[in-house]
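K.L.:
The following block contains a protein sequence and its predicted model.
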Amino acid sequence: MHSLPEPIAALISALNKLPGIGPRSAERLALHLVQTEAGSVRQLAESILTARERIQTCQTCGALTERQPCSVCDDPRRDRSLVCLVEQPVDIISIEKSGTYHGKYHVLGGKISPLNGVEPEDLRIAELELRLSKEPIKEVVLALATDVEGDATSFYLAKRLAAKGIKVTRIAHGLPAGSGLEFADELTLSQALEGRREMSGM
């Protein structure tokens, strides 16, 4: 069997580490890139490096941004009394595509998972509580996945935040059990946000 040259094999291995790229896709992409005009490949490489160097997380909400604060935190038209709590920055992009949410955001940075060594203090809960003390936030919308860890994290936060007198709601209809926000379409997310329900701290 003919073996691939080492540079191609190394490129396939690197591409295979990207999310959603399996061995066959990685091989197809690698073979395409090594046969593409050098200028186009150089432009792609420079775009990747530029994005990695210039994109950072918002110091307020944790969203991906090029400047501080991010455009959502800096937008005076946003409802400052409403904060949507998400697991990762990519979830903000999913919700924004729905076009129905007009509040602020807060990225948790994960979800509570003792089996994986993730405890509440490993998440951005303290940063959220600091915002609650400084900003006129009246409602926190929990937009976490509907898996075991997401449910546990939501109930933990509902109890912790309700003790501070904050209304805590959770997006409801439309999200399939065991699924994350990145797999939901705009209409599903819109319905989930509109159908959010209050969570008690009991």
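P.N.:
Structure's in. What do you need? What you see is a predicted model, and the numbers here were worked out from it, not measured in a lab.

K.L.:
Quick check: Val140 is in a helix.
P.N.:
No - according to DSSP: H, G, I helix; E, B strand; the rest coil, Val140 belongs to no helix; its state is strand.

K.L.:
what's the spacing between it and Gly117?
P.N.:
25 Å (CB to CB, to the nearest Å). Heads up, the C-betas are built off the backbone N, CA and C, glycines and all.

K.L.:
neighbour count winner among these two?
P.N.:
Val140 (26 against 7; other CB atoms under 10 Å).

K.L.:
isn't the more buried one right up against Arg170?
P.N.:
No - the pair Val140 / Arg170 is not scored as a contact, 9.5 Å apart, by CB atoms under 8 Å.

K.L.:
elements contacting the helix or strand Pro7 falls within?
P.N.:
Using DSSP states H and E, Pro7 sits in helix 6-16. Packing contacts for helix 6-16, counted by 3 or more CB pairs under 8 Å, 6 or more residues apart in numbering; DSSP states H and E, involve helix 23-35.

K.L.:
Which secondary structure elements does the longest helix belonging to the chain sit against?
P.N.:
Longest among the helix segments of the chain by residue count, using DSSP state H, is helix 38-54. Here helix 38-54 touches no other helix or strand, going by 3+ CB pairs under 8 Å, 6+ apart.

K.L.:
Do me a favour and average the pLDDT over whichever helix or strand comes after that helix.
P.N.:
Of the helices and strands lying after helix 38-54 in sequence (DSSP H and E), the nearest is strand 56-57. Confidence for strand 56-57, expressed as mean pLDDT, is 96.

K.L.:
Mind listing the strands strand 56-57 pairs with, and their directions?
P.N.:
In the sheet, strand 56-57 lines up against strand 64-65 (antiparallel) (DSSP bridges).

K.L.:
ok, then the element right after the partner strand?
P.N.:
Following strand 64-65 in sequence order, the next helix or strand is strand 79-86 (DSSP H and E).

K.L.:
Need the residues that contact that next one.
P.N.:
Contacts of strand 79-86 with the rest of the structure, by CB atoms under 8 Å, 6 or more residues apart in numbering, involve 92, 95, 101-108, 128, 131, 135-144, 157, 181, 193.

K.L.:
Would you write out the ChimeraX command that picks the buried residues out of those?
P.N.:
Selection of buried members from the contacts of strand 79-86 for ChimeraX, criterion 16 or more other CB atoms under 10 Å:
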select :92,95,101,103,104,105,106,107,108,128,131,137,139,140,141,142,143,144,157,181,193
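
K.L.:
Give me the subset of the contacts of strand 79-86 lying in strands.
P.N.:
103-107, 139-142 (DSSP state E).
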